[in-house]
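Chemist: Have a look at this prediction, sequence included:
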Amino acid sequence: MKLLSPTCYFKFFQIYLSCRLNSLIMKLRFTLFSAAILLLSFFSHAQAQQKTYGDAVDAAMQTASANEIKADITYLADDKLMGRAPGKPGFQMGADYVIAQLKKYGVQPAGEGGGWTQQVRLRRTFAAKTGGSATLTIKGKTDSLKYGADIYVNPDPVHKDVSLSGDLAFAGYGITHKQLNYDDYAGLKVKGKIVVVIRGAPKNFPSSDASHAMDLITIEKNAAAHGAKGVIVAVGDSTARAILANPGTRGVYSVMDEKGNAVVSRSYYAGIPLSGGVGFKTLKQFALSAGKNVADVLNSIKAGTPMSFTIDGKLSASASFEYTDVAGFNVVGKIEGSDKKLKKEYVVHSAHLDHLGVGRPLAGSTDSIFNGAHDNASGVASLLQIAKIYHNLNEKPKRSILIVMVTAEELGDLGSGYFASHPTVPVKKMVADVNTDMPTIIAPLLSVTALGAEHSSLAKVVDEASAYMGLTVEADPEPEQNRFVRSDQYSFVLHGIPALHIKYGARTPDGKNNLNEFVQTWRAKYYHKAADDISGIFDFDAGRKYAQLNFLIGYIVANDPVRPTWNKGDIFDSSTSSL
């Protein structure tokens, strides 16, 4: 092979270097171009965020203070407030405190008569000393039922004496849900009868649908709509845990109007003259009368296959009640919107101010004050920070904001139930409710779940606000808790107002994403216990982040010209609702 001259090798080397250099330059240009695209994308995203909310909003949000949240909780959960029970001096002290804070933040009074409060007439109804009586006739044989052990009648806040007699029919869970193609009343004639139901829902029901469907008032309304005159809820479990708990022994609260009518209750519905409960033993009798095996019936309805039937029997029951009245009230403030037209509409931020008051200390403890630091002094503190953010925002949103601290949540969402049905503003002008109840500020807030938001366009708002704050949105990590119906947002939902309740998600800093497991352990020690005071576990920075997120959700809704809507065909969509 012939060798090339040194000059040729040098020229080849020059060409090689030139090619390599051009290649490197091209790669560098591409890298710089890619970086420029990324930077442009970043700045475009930042500008989009800035355009959506603006520097002023960001700056106002930064004024939320973890230290002030701590100070507010410390005061509201102090022993001197004696657990903030409705109608007690401690609740008044709590109300005086939050009103003073709202005034400091420029919030205007929006209660009755231009003041800060809305009267809520609470009535505690409990079983009279005479109790009640009942007889059950099955296939012609009549036996007495032991009142309080075999049967009870729910307290009636309107009538001191109630009685009812009628034929019986078993209607499964008592649910009619057209959207999920489930109906316990299909083919069952119940007009003029007493309906027997099990409290629950099929396993395939979504969490919030199930929670709403098994709510006692929902069950009673559906029974009345089918012509029933009474409802008996039977214990559907044979285990020792399934005891018959008579609510008449401890008393049940309702909200009354000035004429003595019950306007809010979680157990009394005027369309059903009598409702009550029976034990598992009686349920077995009902099933046997129709030639059914109770286990087969329960398994069927759990699986989503209705198994309703006529009971060959008749029930007669009567009971007497007494009551005491309690003077309760909500606290209502307003931040007026900036748009001439939309300021007449309202976004509600709600939280309950009450707690359990004074009770029996746990074994081994002398502490009888249920301070309610997490439940719900933390939620009230969050609303105060929302008011502070608005105070530091010169240009207010288009819609007005209502800050509502309600009473008697612990007694059955009664204060919110009254406000949602008898608000101090036109009810049709309330476009959404963002509720804060025991946000559980015990760990860094990395993800959230928005209870109830999946039913309306609020879900998109939550996604938008959460993404802006670097939070992920998850499904409810504890659907079995039925939290959707256990706090004040449910009161607004029942009156057609889209609502949600932000709770913690499962994400943790260590990546194990098992916060719900930690919460379960924490809850066993602190929830509705005297231990829930300021000395417990707190992450006040998480509390600050909750306040910022709830503010931003409300702010987005308040500025959107289109008010929130229910998802088409949803159970709460008034045009298609079947529950």
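Modeler: Structure's in. What do you need?

Chemist: got the buried residues for stretch 519-529?
Modeler: Residues of stretch 519-529 classed as buried by neighbour count (16 or more other C-beta atoms under 10 Å): 519, 522-523, 526, 529. C-beta here means a position set from N, CA and C on the backbone, and glycine is covered the same way.

Chemist: and what of stretch 284-303?
Modeler: Residues of stretch 284-303 classed as buried by neighbour count (16+ other C-beta under 10 Å): 284-287, 289-290, 292, 294, 297-298, 301-302.

Chemist: now do stretch 192-212
Modeler: Of the residues in stretch 192-212, those buried by neighbour count under the rule 16+ other C-beta under 10 Å are 193-198, 200-202, 205-212.

Chemist: Equivalent analysis for stretch 107-124, please.
Modeler: Using 16+ other C-beta under 10 Å as the burial criterion, the residues of stretch 107-124 that qualify are 107, 109-111, 116-118, 120-124.

Chemist: Turn those residues into a markdown table, including distance to Y185 and secondary structure.
Modeler: Formatted as a markdown table, these follow (distance: C-beta to C-beta, whole Å; DSSP: H, G, I helix; E, B strand; the rest coil):
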| residue | distance to Y185 | secondary structure |
| --- | --- | --- |
| V107 | 48 | coil |
| P109 | 47 | strand |
| A110 | 43 | coil |
| G111 | 42 | coil |
| W116 | 46 | coil |
| T117 | 43 | strand |
| Q118 | 38 | strand |
| V120 | 35 | strand |
| R121 | 35 | strand |
| L122 | 34 | strand |
| R123 | 32 | strand |
| R124 | 33 | strand |
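
Chemist: Do a quick rundown of the helices in the stretch 151-300 of the chain.
Modeler: Counting by DSSP state H, counting those that start in this stretch, the stretch 151-300 of the chain forms helices over residues 207-213, 216-225, 280-289, 294-302, given from the N-terminal end onward.

Chemist: between those helices, which gets nearest to N559?
Modeler: The closest approach between N559 and any of the helices of the stretch 151-300 of the chain, judged by C-beta to C-beta, belongs to helix 207-213 at 26.9 Å.

Chemist: Let me know the average pLDDT across the closest one.
Modeler: For helix 207-213, mean pLDDT is 91.

Chemist: How about stretch 93-112?
Modeler: Along stretch 93-112, the predicted local confidence has a mean pLDDT of 98.

Chemist: Straight-line length of that stretch, end to end?
Modeler: Stretch 93-112 has an end-to-end distance of 19 Å (criterion: C-alpha to C-alpha, to the nearest Å).

Chemist: Pull the residues that contact it.
Modeler: Outside stretch 93-112, the residues that touch it by C-beta atoms under 8 Å, 6 or more residues apart in numbering are 72, 75-76, 80-81, 84, 115-119, 329-336, 353, 380, 384, 387-388, 390-391, 402-403, 405, 424-425.

Chemist: Using PyMOL, define a selection of the buried residues within these.
Modeler: In PyMOL, the members of these classed as buried (16+ other C-beta under 10 Å) are selected with the following command:
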select buried, resi 72+75+76+81+84+116+117+118+329+330+331+332+333+334+335+353+380+384+387+388+390+391+402+403+405+424+425
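
Chemist: Would you reformat the buried residues of stretch 107-124 as a markdown table and include distance to E395?
Modeler: Rendered in a markdown table, the data for those read as follows (distance: C-beta to C-beta, whole Å):
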| residue | distance to E395 |
| --- | --- |
| V107 | 17 |
| P109 | 22 |
| A110 | 21 |
| G111 | 26 |
| W116 | 25 |
| T117 | 29 |
| Q118 | 29 |
| V120 | 34 |
| R121 | 40 |
| L122 | 40 |
| R123 | 45 |
| R124 | 46 |
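
Chemist: Which one of the residues you listed is nearest to S365?
Modeler: For S365, the closest of the buried residues of stretch 107-124 turns out to be R124, at 26.5 Å, with distances computed as C-beta to C-beta.

Chemist: Take the helices of the stretch 151-300 of the chain and lay them out in a markdown table including distance to L552.
Modeler: A markdown table is the format used below for these (distance: least, C-beta to C-beta, whole Å):
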| stretch | distance to L552 |
| --- | --- |
| helix 207-213 | 23 |
| helix 216-225 | 32 |
| helix 280-289 | 49 |
| helix 294-302 | 41 |
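
Chemist: can you tell which of those helices is closest to D150?
Modeler: Among these, the nearest to D150 by C-beta to C-beta is helix 280-289 (6.1 Å).

Chemist: In terms of secondary structure, what does the closest one contact?
Modeler: Packed against helix 280-289 by the contact rule (3 or more C-beta pairs under 8 Å, 6 or more residues apart in numbering; DSSP states H and E) you find strand 117-138, strand 161-170, strand 194-198, strand 230-234, helix 294-302, strand 309-335.
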